Each structure stands twice: as structure tokens, then as C-alpha cells.
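> next comes the sequence, and after it the predicted model I'd like to discuss.
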Amino acid sequence: MVRDGEHLILVTVCPEGNYEEGEIQFWEATGSPLIPLSDFSDPIIMKKYGVKRDPETLDIVNTAAMQKHIMVILKIYWGDAREKICEAIDKIPLSCLVIGNRGLGKLKRAILGSVSNYVVNNGSCPVTVVKQVEHEH
């Protein structure tokens, strides 16, 4: 989905919490600054944002960055994922969005609501939903 020379912007939304320490309180309303791949590969820097590194994701984006010659950037928001992802579409701005689906059952989806469904219906750019694949044991 990404061509040589393009930008890949990873958007993550952390739940609201009590962020009295650190710089997070400055970014709650607008989200973090855009964080380059070299910075979000550093566990010390990511701790500052209250985000745990995901080695699998880092491996995938590092490989894509090298093979496709793309710039990978991370933007972190805090709050309701539905609202913050739609906000990211408009504020960054994003030309398209690929979003994961947790694979909730019908009952849980009805009670909790589906972030991907909300973004598909309310986002202002094309949205592709990728369903979670169940691994056979």
C-alpha cells in the first residue's frame, strides 16, 4: 500500500489516564509531536510518552522503511480511540487509513462499540479494515 518515497504515519491512541508526571499533559489535547522511527525505536523515549514498544511492529516498519525508502512517523493521542483517530485523519492530514479489527463477537461489539466501524462511518478519508487472523494452535 505504500510506494517508494511516501510517508507512513502510525497513529496510536492510549486510554486517558492520570498523567501528572512527564510531558504527556502538554499533548493530551493535540496529540504528541510527530515522532520519527529512530526515536520510537528507543525505549527511553517511548517511556516518556507512556507507550510500550512493540518489537514485532518495529521490525515490520523498519523493514518497510529500508525496502521501500519510506519515512515512518508515529503520532500518539490520548483519549477515546474513535474520536482521536477521526481527529488524526483531519489534523495530520491522512489521505487514507488502514485500521485493525480486534475481532470482537457481536455481543461485545454491540456493548463496547467498534472503533473500526465508527471510523469507517465517520472518517473523512478512505478506510481499509484489516481483520485479525486467528492462529491455529
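Arrived safely, thanks for sending.

> give me the number of residues near Ala29?
Applying other C-beta atoms under 10 Å, we find 9 residues neighbouring Ala29. Every C-beta, even on glycine, is put in place using the N, C-alpha and C of the backbone.

> can you give me phi and psi for it?
phi -80, psi -40 (degrees, to the nearest 10).

> so how many other residues sit close to Ile9?
17.

> list the contacts of it.
Leu34, Val72, Ile73, Leu74, Lys75, Ile92, Leu94 (C-beta atoms under 8 Å, 6 or more residues apart in numbering).

> my guess is Trp78 contacts Thr30, does it?
No: here Trp78 lies out of contact with Thr30, judged by C-beta atoms under 8 Å, at a distance of 10.2 Å.

> are any of the contacts of Ile9 buried, and which?
Among the contacts of Ile9, those classed as buried by 16 or more other C-beta atoms under 10 Å are Val72, Ile73, Leu74, Lys75, Leu94.

> narrow the residues you listed to those in strands?
Val72, Ile73, Leu74, Lys75 (DSSP state E).
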